[in-house]
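*Asks:* I would like the atomic coordinates for the input below:
(one chain, ligands or ions: 2)
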Amino acid sequence: MRQPRILVVDARGATGLPYAALVARLQPMDLRIERSAAAAVDALRRNGWDLGVLTAREAGSAAALVEAVRQADAELPLVVVDAHPSVAMARHCLQSGVGDYLDVDDAEKELEGALVRLLSAARRRDAEEVLRRAVERPYSFEGFLGESPAMRGVYSIIERVAASSVDVLVTGETGTGKELVARALHQRSRRAAAPFVPVDCGAIPDALMESEFFGHEKGAFTGADARRMGLVEFADGGTLFLDEIGELPLALQAKLLRVLQERRVRRVGARHETSVDVRVIAATSRNLEAMVDRGEFRRDLFYRIHVVRIDLPPLRERGDDIGLLAEFFANRAAQEMGKTVSGLSIDAYQVLKSYHWPGNVRELQNVVRRAVAMTRSAKPDVEDLPDDIVAAAGRILPMADGDGFFARRAEHVTKFEKHYLTDLLTRHHGDVTAAARDAKLPRGTLYRLMKTHALDGAAFRAK
Ligand SMILES: Nc1ncnc2c1ncn2[C@@H]1O[C@H](COP(=O)(O)OP(=O)(O)OP(=O)(O)O)[C@@H](O)[C@H]1O
Ligand SMILES: [Mg+2]
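*Replies:* Ligands and ions are numbered 1, 2, ... in the order given. Have a look, this model is predicted:
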């Protein structure tokens, strides 16, 4: 999940009292400081922000600041920090929808808490909205759920190329829905009534591959006691789906290329070729270009199947679709299991949303099924999710649960990390390679952690 973006307005800029400390502490937040209302309005028009902090340095100026910002964004959660606070101004601000009004002297202590509270309330509202929409009008396209811009792009390509019978290469990480794309293409083509034949290229033993693909004549080899049709012929008139095409051995790649070019097959042991009318859809989660460069995949075959390519976005890039999918999978699982469960809790959804989903939709489906099976309540909650997923989300969750368990844990982890890194780098005089070896951390991980905590190796070098 992206970090919250906070816009600060303060005539004193970054040196304004509470912010220097805040910037240091909330390092991962995307914080921007503008010196005037006009500059802030400009920034608001150009970018999406999650929250605004308006600092009124002159007595009575808060009202005008709020007014200016509201013109540009009527919904933005706001905190006002007033150098000349008054009860009247506090009332005026709160009536204009300002979330919190602070005396500048208290801001250093209280601003962070106010931000966390307002951001978490806003996130919760967004989450509720996503789940509500998921129930009201789940958008679906040929078995796909999801209405993110990335997925709408995929639907649009499918619509455009489905009918044409052109061969298609589908790429994407594991579990992103590559087979679903192949089936949708088939369904929307004039071949829909003919067979859809999926072939897992990684699962057929090399020795059997040729006869599996192309069939064989009686007596073609020992054990071939009857004539047999191959998968390519079997798909005649329909669609042949070559899943994990990157696993195909080179020898078979050459034969497949011939089939694609000539649309003819020769059974093992046969004298004549038979013509076939197949549409080929290939899928892979591997990087075929790199395989071509390494000589593991034929360049000519790659070009042949690469005419139209549909690249599926990983789940983590599909935004609110995660909520839609989770809600759908939960309800379906509940129905199958005969449990009176509907959807999942807002907190559980927020955990799911901040996880990175290496196994994509399939992994989400499994996690949600498990949660439905485990839960004792009407909506699966955070406790019904696997520990590693909750732990991975913990670093971001403080925004979601204020001062609950996860927030407190994340706070301690953050403090520990900073303390540990500072000590480690001091002992190694800023030598990151030596420090990484000592801490038994990959160097990249150490660099990332240092960046998170704004630590620079050079600062630790002996002068
Ligand atoms: N957008 C979606 N909406 C609903 N279900 C989906 C969606 N995408 C994938 N699924 C479901 O997720 C599971 C995995 O999809 P699929 O088998 O098509 O993925 P894949 O990319 O072929 O994965 P792999 O590379 O592991 O073979 C299937 O059960 C599929 O129905
Ligand atoms: Mg698959």
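*Asks:* what sits up against stretch 77-90?
*Replies:* Contacts to stretch 77-90, defined as CB atoms under 8 Å, 6 or more residues apart in numbering, come from residues 18, 50-60, 62-63, 65-66, 69, 93, 97-104, 107, 111, 114-115, 118-119, 121-122. (Glycine included, C-beta is placed from N, CA and C.)
*Asks:* Can you get me the start-to-end distance on that stretch?
*Replies:* Counting by CA to CA, to the nearest Å, you get 16 Å between the two ends of stretch 77-90.
*Asks:* quick check: mean pLDDT across it?
*Replies:* Mean pLDDT, stretch 77-90: 93.
*Asks:* Same check on stretch 448-462?
*Replies:* Per-residue pLDDT values over stretch 448-462 give a mean of 78.
*Asks:* Flag every buried residue along it.
*Replies:* Leu449, Met450, His453, Leu455, Gly457, Phe460 (16 or more other CB atoms under 10 Å).
*Asks:* Could the C-alpha coordinates of it be exported in PDB?
*Replies:* Extracted in PDB, the C-alpha atoms of stretch 448-462 (Å, rounded to 0.1, in the frame of the first residue of the first chain):
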ATOM      1  CA  ARG A 448      16.600  -0.400   2.200                       C
ATOM      2  CA  LEU A 449      16.400  -0.300   6.000                       C
ATOM      3  CA  MET A 450      18.900   2.500   6.200                       C
ATOM      4  CA  LYS A 451      16.800   4.400   3.700                       C
ATOM      5  CA  THR A 452      13.700   3.900   5.700                       C
ATOM      6  CA  HIS A 453      15.400   5.300   8.700                       C
ATOM      7  CA  ALA A 454      17.200   8.100   6.800                       C
ATOM      8  CA  LEU A 455      20.600   6.800   7.800                       C
ATOM      9  CA  ASP A 456      23.600   7.500   5.600                       C
ATOM     10  CA  GLY A 457      26.700   5.300   5.800                       C
ATOM     11  CA  ALA A 458      28.900   8.300   5.200                       C
ATOM     12  CA  ALA A 459      27.700   9.900   8.400                       C
ATOM     13  CA  PHE A 460      29.300   7.000  10.300                       C
ATOM     14  CA  ARG A 461      32.700   7.100   8.700                       C
ATOM     15  CA  ALA A 462      35.600   8.100  11.000                       C
END
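*Asks:* Do I have it right that Ala458 meets Gly430?
*Replies:* Yes. Between Ala458 and Gly430 there is a contact at 6.1 Å, judged by CB atoms under 8 Å.
*Asks:* and the protein, which residues reach ligand 1?
*Replies:* Within reach of ligand 1 by CB under 6 Å from any ligand atom, the chain has these residues: 144-146, 172, 174-180, 285, 325, 361-362, 365.
*Asks:* In those residues, find the pair that's most separated.
*Replies:* Pairwise distances across those (CB to CB) peak at 20.6 Å, for the pair Leu145 and Ser285.
*Asks:* The contacts of stretch 77-90, buried ones only, as a PyMOL selection?
*Replies:* Buried residues within these, by 16+ other CB under 10 Å, are selected in PyMOL with:
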select buried, resi 18+50+51+52+53+54+55+56+57+62+65+66+69+93+98+99+100+101+102+104+107+111+114+115+118+119+122
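*Asks:* Which of the contacts of stretch 77-90 fall within helices?
*Replies:* Counted as lying in helices by DSSP state H, out of the contacts of stretch 77-90, are 18, 62-63, 65-66, 69, 93, 104, 107, 111, 114-115, 118-119, 121-122.
*Asks:* Which stretches in the stretch 151-300 of the chain count as strands?
*Replies:* Under the criterion DSSP state E, counting those that start in this stretch, the stretch 151-300 of the chain contains strands at 168-171, 196-200, 215-216, 228-229, 239-243, 264-265, 274-275, 279-284.
*Asks:* Could you tell me the least trusted of these?
*Replies:* strand 228-229 (a mean of 86).
*Asks:* Please identify the pairing partners of it and their relative orientation?
*Replies:* strand 215-216 (antiparallel) (DSSP bridges).
*Asks:* Contacts for the strand it pairs with next, please.
*Replies:* Outside strand 215-216, the residues touching it (CB under 8 Å, 6+ apart) are Ala224, Arg227, Arg228, Met229, Gly230, Val232, Glu233, Val265, Arg267, Val268, Gly269, Ala270.
*Asks:* What is the most widely separated pair among the residues you listed?
*Replies:* The most widely separated members of those, counting by CB to CB, are Ala224 and Val232 (17.3 Å).
*Asks:* more crowded one of the two?
*Replies:* Per other CB atoms under 10 Å, whichever of Ala224 and Val232 has more neighbours is Val232, with 27 against 17.
*Asks:* Spit out the contact partners of that one.
*Replies:* So Val232 contacts Phe213, Phe214, Gly215, Leu240, Val259, Val265, Val276, Val278 (CB under 8 Å, 6+ apart).
*Asks:* Tell me how many other residues surround Ile204.
*Replies:* Ile204 is flanked by 19 other residues according to other CB under 10 Å.
*Asks:* And the pLDDT at it?
*Replies:* 85.
*Asks:* shouldn't it be in contact with Glu212?
*Replies:* Yes. Using CB under 8 Å, Ile204 is in contact with Glu212, at 5.2 Å.
*Asks:* Show me this structure divided up by domain.
*Replies:* Following automatic domain parsing, the chain resolves into domains at 5-134, 149-311, 316-396, 405-460.
*Asks:* which residues sit in contact with the closest residue to Ile281 other than its chain neighbours?
*Replies:* Leaving aside its chain neighbours, Ile281 sits nearest to Ala182 (4.5 Å; criterion: CB to CB, 6 or more residues apart in numbering). Ala182 makes contact with Val168, Val170, Phe196, Pro198, Thr239, Phe241, Asp243, Ile281, Ala283 under the criterion CB under 8 Å, 6+ apart.
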